[in-house]
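# My questions are about this predicted structure, shown below with the sequence.
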Amino acid sequence: MPDVQLTFVFIDLVGFTALTEVHGDHDAADIVDRFVALVRRSLGDGDRLVKTIGDAVMLVTPDPESGVALTDRIVDITHREGHFPQTRAGLHHGGAVERAGDYVGASVNLAARVADQAGPDQTLATAGVAAAARTLEVDVVDRGRFELRNVAEPVDLFELLLCPGIQGTVIDPVCQARIDRERAEGHVRYEAVDYWFCALDCVARFSSHPERYVRAG
């Protein structure tokens, strides 16, 4: 039998490999440190940061409602950061076995796989968490049934539309950092489309091979 019933939350940074390649290992490590600091600042009563996994974090909360609220705070605070990567998140509520402050079990694995399925700036959740989100008046979209890696049966997934203030920001096509147009370090118009950049180095890379980054986007 599981030791505990908790909501498991996985959140990671999107485009981290691209950011590392463009800005270097030290800047990338600083971004991870900043991400973890923002996550810690967002913790509420009963929330816990279990561990970091590269550019991802694993968190637990007592129930789906607190899991949705915690994810919303993290998404919001990271989107308010200047020149910061996009995030993606996955949530699932279920049982697990606790060992030395960590958690093991099918529910943990499922939450991680749900996060893997999410795209940039997307939060996905299983049915129980989605139902809790609706009680918090969060808009929820049924995304259908998915086959997830190392999960025996297909799973119904739902998108939680968190942080409506995300509109109005743009993505640097080179390093994938999220930036506000007014705080951008550079702007290029290419084939009738406008692109904004977090740093002049990104402008230079784009200008040298724009087709590479337009195609990647």
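All right, it came through fine. Just so it is clear, the structure is predicted and the values come from calculations on it, not from any experiment.

# which outside residues touch the lengthiest helix in the chain?
In the chain, with assignment by DSSP state H, the single longest helix is helix 25-42. Helix 25-42 is contacted by residues 11, 13, 16, 19-20, 49, 52, 54-55, 57, 59, 70, 73-74, 77-78, 81, 84-85 when judged by C-beta atoms under 8 Å, 6 or more residues apart in numbering. (Each C-beta comes from the backbone N, C-alpha and C, glycine too.)

# Quick one: distance of that helix to the chain centre.
Chain-centre distance of helix 25-42: 13 Å, with C-alpha atoms, centre = their mean, to the nearest Å.

# Flag every buried residue along stretch 127-146.
Within stretch 127-146, the residues that count as buried by 16 or more other C-beta atoms under 10 Å are 128-130, 132-133, 138, 140, 143.

# sorry, back to before: show me the contacts of helix 25-42 that map onto strands.
Secondary structure from DSSP state E places 11, 13, 49, 52, 57, 59, 84-85 of the contacts of helix 25-42 in strands.

# Could you list the residues in contact with stretch 132-151?
By C-beta under 8 Å, 6+ apart, stretch 132-151 touches 63-65, 67-69, 72, 93, 109-110, 113-114, 116-117, 124-125, 130, 154-162.

# Inside helices: which ones of the residues you listed?
Those of the contacts of stretch 132-151 lying in helices (DSSP H): 64-65, 67-69, 72, 109-110, 113-114, 116-117, 130.

# Need the distance between the two termini of stretch 95-107.
Using C-alpha to C-alpha, to the nearest Å, one end of stretch 95-107 lies 6 Å from the other.
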